[in-house]
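In: Need the 3D shape of this:
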Amino acid sequence: MPPSEDKSRIEELKKSLYSREAPDVRTRRKLRWSDKPEDVKTAWERKPEDSLEPAELNSHYEDHSMSFFTKLLIGSAIFCVIAVAAGAYLFFNGSNLISANNIDIQINGPVSIPGGEPVSFDVTAVNKNNIDLQTVDMEVSFPAGTTDPSDPTKTLQTYQKLIGDMAAGSSAKQTVSAIIFGEENLQKEITVQLTYSVKGSSAVFTKTQTYDVLINSSPITVSVSSFKQITSGQEFDLTVDLKSNSQETLKNVLLKGTYPFGYTFLSANLPPLNDKATWKIGDIPAGADRTVVIHGKLEGEDSDTRVFRFAVGAASQTSSSQIGTQYTSQSEEVTIAKPFISLAVSVDNDTPSSGDNVGQFGQSKHVTINWFNNLSSAVSNVTIDAKLSGSAYDKNSVQPDLGYFRSATDDVIWSQQTNHELASVAAGASGSVSFTITPRDLGTSDKPVVNPNILMSVSVSSDRTQESGVSGNLSSATTRTIRISSNVSLTGRLVRSAGPFTNTGPIPPKVDQTSTYSVIWTADNTSSSVNGAQVVATLPPYVKWLGNINPSTEDLTYDQNSGAVTWNVGNVSTYTAGSSSRKEVAFQISYQPNVNQTGQSPNLVNQATLKATDSYTGAELQSQQDALTTRFSTDPAYKNGDETVTK
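Out: This next block holds a predicted model:
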């Protein structure tokens, strides 16, 4: 086809596309299907509805805007709603259908009950349906802390009763009894549940109803009393009083405490269990009471508030040290306060905070008590009391300065009667009181005491009656201990006829002739064990070491260059004197006198020194043995003159 013809056809197609008079393609396509020609206008014409008023126009479109299928859908939805409503009506109100709303659970009983007393509740189930209920089961669930009235030691969690079939319009009644424990003014909930089925159905249905009761009194009351304020480290008492309000005996009662951080249990009037916080009180008859006094100390920062909590209940059936049913609980707050008068105890002018002081038997100790008023106001009638005790305490050695010693109670007391400064102490004022004491020598005691000490517990009191919860002596109390070191001793002797060795040579010793001797060292100890004991001595140059040692297992050495004899004793147990536990060693030496020693009794072993460490006090101990000469007076064969060197 020539290009000119293609061009003319394209132009003709463009003209037909953009012409208002071009035939409608859709019309042609529609004609193919319907074979019905349409009269398509070539110009805009006015439609009949254009001449209608607005109200008539709305009516016109309402009549023609909804298709048949839309109307069918709306009709179906309306029918569905009507069908569901009819079904629901028939289910809940139909004469042959069942509804849970037609089952009524009625609980009749007291709404306020005393804790720990048996109570009864009437539970009635009513079937208001027009058909029968089958296999009706009633379950009553009780709150925690409920026990069986027939056996109060047994926990009652649920009561279950199989009622069986219930005819339409019938009712079933059950009486349920329980003992409900709890704290006063505590509300508890009882739950009743009915489980049932209907004829012709395998489904199981339930109906639940709750009932609230208020515990108007606890079966037992707990009160905790103590100081409201204490000082850090001060010992004090917590008194826990238990009183039964029950008309029945409370069985297997436990008291369980929870201590705050920083508290140390020391003792109690009743022995606790291993945790030192649980007490088996046992049975408490109706109206009876019990008291537990707990002694301890609390440490912390000033203004800290600590809370002690105590719970009381019946012991668990599975663990006798745990509360199974709790009756009540109580708490007590204690505040750590700065002392109104500070105390510091020094011994022989040491630092009060340096820990325990170390002393020795027979050596007196000077004790100084420094006091300071921390208040912004004066206090009057101040009394300082130092109570003394301990295994090394000797009341006969106490000598107070400006105070008096009450030997019957072992107290050294300072007051305005003995020291006028204590009548009124101004704000910020300070001072001191003192006394001396000498540790008792336990070496002569019939009953040996290990780790002896002297304990000093110092307290101060004044007139502060305007403050509640504050004891006169609570605001300042401190303690100090004097530990007494053990007495170690070293003894030495020279023998000829006794001892483990055979000695030879002339007696008395003769110039230029050799005589042998046995040296015996003995280490004894008293009240505390010592360790690291060692004895060191030297031999003069004219004395010869022979190397014989008994027992041979002892660690005894000789240094040829220095002439030092060293005995590593090691550990020495307590109170070894006169017993097989004492440490002893023997060694042999020889001596050849010089002419210039004629008529003399020269040293054969120079001074020996024992050093050891006290395992109780940590003190370094020492004992010395004088030099041993040719005078061997401890030997049974010795006679006067045997020690003098002759020609």
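In: Where does the nearest residue to Asp289 once chain neighbours are set aside sit, in terms of helix or strand?
Out: Nearest non-adjacent residue to Asp289, counting by Cβ to Cβ, 6 or more residues apart in numbering: Lys243, 4.2 Å away. Using the backbone N, CA and C atoms, a C-beta is placed for each residue, glycine as well. If you go by DSSP states H and E, Lys243 is part of strand 234-244.
In: show me what contacts the residue nearest to Asp289?
Out: When contacts are counted by Cβ atoms under 8 Å, 6 or more residues apart in numbering, Lys243 touches 220-221, 223, 287-289.
In: Next: Asn102.
Out: By Cβ under 8 Å, 6+ apart, the contact list for Asn102 reads 127-129.
In: mind running it again at 6 Å?
Out: For Asn102, the contacting residues are 128-129, by Cβ atoms under 6 Å, 6 or more residues apart in numbering.
In: likewise the one 5 residues further on?
Out: Neighbouring residues of Ile107 by Cβ under 6 Å, 6+ apart: 121, 123, 211.
In: So for the closest residue in space to the first one that isn't next to it in sequence, what's the pLDDT?
Out: What it means is Phe121. Nearest residue to Phe121, sequence neighbours excluded (Cβ to Cβ, 6+ apart): Gly109, at 3.5 Å. If you check Gly109, the pLDDT there is 89.
In: thought Gly109 was touching Thr124?
Out: No: at 11.3 Å, Gly109 does not count as touching Thr124 under the criterion of Cβ atoms under 6 Å.
In: hey, what's in contact with both of these two?
Out: When Cβ under 6 Å, 6+ apart defines a contact, no residue borders Gly109 and Thr124 alike.
In: What distance do you get for the residue nearest to Phe121 to Pro152?
Out: Note on Gly109: its distance to Pro152, by Cβ to Cβ, to the nearest Å, is 19 Å.
In: Between these two, which has more neighbouring residues?
Out: Counted by other Cβ atoms under 10 Å, Gly109 and Pro152 do not tie: Pro152 has more neighbours, with 22 against 17.
In: Could you measure from Asn503 over to Tyr542?
Out: From Asn503 to Tyr542 the distance is 17 Å (Cβ to Cβ).
In: still on that earlier bit, can you give me phi and psi for the residue nearest to Phe121?
Out: Dihedral angles of Gly109 (phi, psi; degrees, to the nearest 10) stand at phi -180, psi 180.
In: Kindly report the same for the one 10 residues further on.
Out: Backbone torsions of Val119, given as degrees, to the nearest 10, read phi -130, psi 150.
In: Repeat that for Asn606.
Out: Main-chain dihedrals, Asn606, degrees, to the nearest 10: phi -70, psi 170.
In: Excluding sequence neighbours, find me the nearest residue to it.
Out: Asn606 sits nearest to Thr538 (Cβ to Cβ, 6+ apart), 4.7 Å away.
In: Contacts only, for that neighbour.
Out: Contact analysis of Thr538 by Cβ under 6 Å, 6+ apart lists 563-564, 606.
In: Who is it paired with across the strands?
Out: Ala564 (DSSP bridges).
In: gap between it and Asn571?
Out: 25 Å.
In: so how many other residues sit close to Leu73?
Out: Using other Cβ under 10 Å: Leu73 sits among 11 other residues.
In: any idea of the mean pLDDT in whichever strand or helix holds it?
Out: Leu73 belongs to helix 68-93 when assigned by DSSP H and E. When pLDDT is averaged over helix 68-93, the result is 69.
In: Just give me the neighbour total for Leu72.
Out: Leu72 has 9 nearby residues by other Cβ under 10 Å.
In: so what's Ser430 bridging to?
Out: Bridge pairing for Ser430 - DSSP bridges - gives Phe372.
In: what's the answer for Lys173, then?
Out: Beta-bridge partners for Lys173, by DSSP bridges, are Thr124.
In: so what pLDDT did it get?
Out: The per-residue pLDDT reported for Lys173 equals 92.
In: ditto for the one 4 residues further on
Out: According to the predicted model, the pLDDT of Ser177 comes to 92.
In: Please tell me how far the nearest residue to Pro448 once chain neighbours are set aside sits from Val535.
Out: Sequence neighbours aside, Tyr575 is the residue nearest to Pro448 in space, at 4.7 Å (criterion: Cβ to Cβ, 6+ apart). From Tyr575 over to Val535 the distance is 20 Å, taken as Cβ to Cβ.
In: again, but for Gln597
Out: Per Cβ to Cβ, Gln597 is found 27 Å from Val535.
In: What of Asp385?
Out: Relative to Val535, and taking Cβ to Cβ, Asp385 is found at 46 Å.
In: The two: which is more packed in?
Out: Val535 (25 against 20).
In: May I have the phi/psi pair for the more buried one?
Out: Residue torsions, per degrees, to the nearest 10, at Val535 are phi -120, psi 130.
In: Then Val398?
Out: Phi and psi for Val398, reported as degrees, to the nearest 10, are phi -80, psi 130.
In: thought it was touching Tyr404?
Out: No: with contact defined as Cβ under 6 Å, Val398 does not count as touching Tyr404 (10.4 Å).
In: Of those two, which one has the most company?
Out: Using other Cβ under 10 Å as the criterion, Val398 and Tyr404 rank with Val398 on top: 19 against 12.
In: Next, the contact list for the more buried one, please.
Out: Counting by Cβ under 6 Å, 6+ apart, Val398 has contacts 405, 437.
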